[in-house]
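Visitor: Generate coordinates for the sequence data below:
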Amino acid sequence: MEQANKPAIILASSSPRRQEMLRNLGLEFTIHPSGADESVEDGLKPAKIVELLAERKAADVASLYESGIVIGSDTIVVLGDKVLGKPNNEEDAFSMLSALQGTTHSVYSGLALIDANNGNRRVGHVETKVRMRPVSKDEILRYIATKEPMDKAGAYAIQGLGSIFVEGIVGDYFSVVGLPVQMMASYLEEFGFSILTP
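Guide: Purely as a prediction, here's the structure:
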């Protein structure tokens, strides 16, 4: 059974990784990066941070469309009570990776879907535990030299070279990459959009 007039999908992100995940699902979509402010007040819980930013990004883009489902997402790495975003420079990346090596940390990914036609929205998050093996200073420096860590939360890419440091995960791999795919598919179903229906 075909879905008549499937709503357009709009991704409020320029992330190549999020784009690849949507393409792997066979989705056609428009890329419209959000210009929303990503600063948050101090003291917010990690789950609240990623939900707030995902919704803010989606709402920013949805305000520019009359129809379509806008997808916003935000991912942060949390070690203890410290939130690790994208490194500011190589020294920052070294500091993050040094702190993460030999530990288990949490990756929080927030997700927001907004129907630009009526403003209906669904917002949630996923927490995944990631265990990183002990890593030497030399390995960290060689990894930073590849430049891969520089635009990644926590200064590593689980789907890239950073995978050689990961001993295991408990939770949703895709949310660590940057998009909780199962949650997104569930939310899309609530909006009447089935990924498995042509």
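Visitor: quick one: contacts for the spatially most central residue of the chain?
Guide: Of all residues in the chain, the one closest to the mean position by CA atoms, centre = their mean is residue 178, 2.6 Å from it. Residues counted as contacts of residue 178 (CB atoms under 8 Å, 6 or more residues apart in numbering) are 15, 17-18, 21, 73, 75, 109. Just so you know, the C-beta spots here come from the backbone N, C-alpha and C atoms, and that holds for glycine as well.
Visitor: can you do 10 Å?
Guide: Contact analysis of residue 178 by CB atoms under 10 Å, 6 or more residues apart in numbering lists 13, 15-18, 20-21, 73-75, 107, 109, 152-153, 157-159.
Visitor: Pull out the buried residues from these.
Guide: 13, 15, 17-18, 21, 73-75, 107, 109, 152-153, 157-158 (16 or more other CB atoms under 10 Å).
Visitor: now, which of the residues you listed lie within strands?
Guide: 73-75, 107, 109 (DSSP state E).
Visitor: May I ask which two of these are separated the most?
Guide: Spanning the widest gap among those are 73 and 107, at 12.2 Å by CB to CB.
Visitor: any shared contact partners between these two?
Guide: Shared contacts of residue 73 and residue 107, counting by CB under 10 Å, 6+ apart, come down to 50, 175, 178.
Visitor: hang on, the earlier thing: rebuild the buried ones among the contacts of residue 178 as a markdown table, extending it with distance to residue 36.
Guide: Below are these laid out as a markdown table (distance: CB to CB, whole Å):
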| residue | distance to residue 36 |
| --- | --- |
| 13 | 11 |
| 15 | 14 |
| 17 | 19 |
| 18 | 16 |
| 21 | 21 |
| 73 | 12 |
| 74 | 10 |
| 75 | 15 |
| 107 | 21 |
| 109 | 17 |
| 152 | 20 |
| 153 | 17 |
| 157 | 24 |
| 158 | 25 |
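Visitor: returning to that earlier point: how close does the residue nearest to the centre of the chain get to residue 48?
Guide: 18 Å (CB to CB, to the nearest Å).
Visitor: contact partners of the helix or strand of the chain with the lowest mean pLDDT?
Guide: Lowest mean confidence among the helices and strands of the chain (mean pLDDT, DSSP states H and E): strand 82-84, at a mean of 92. Outside strand 82-84, the residues within contact range by CB under 10 Å, 6+ apart are 40, 44-46, 49-50, 76-78, 92, 95-97, 99-100, 105, 107-108, 152-156.
Visitor: Of all the residues in the longest helix along the chain, which ones are buried?
Guide: Longest helix in the chain, counting residues (DSSP state H): helix 46-62. Within helix 46-62, the residues scored as buried using 16+ other CB under 10 Å are 46-47, 49-62.
Visitor: which non-adjacent residue is nearest residue 128?
Guide: Ranked by CB to CB, 6 or more residues apart in numbering and with sequence neighbours excluded, the top spatial neighbour of residue 128 is residue 171, at 3.0 Å.
Visitor: tell me the contacts of that neighbour?
Guide: By CB under 10 Å, 6+ apart, the neighbours of residue 171 are 106-107, 109, 126-130, 180.
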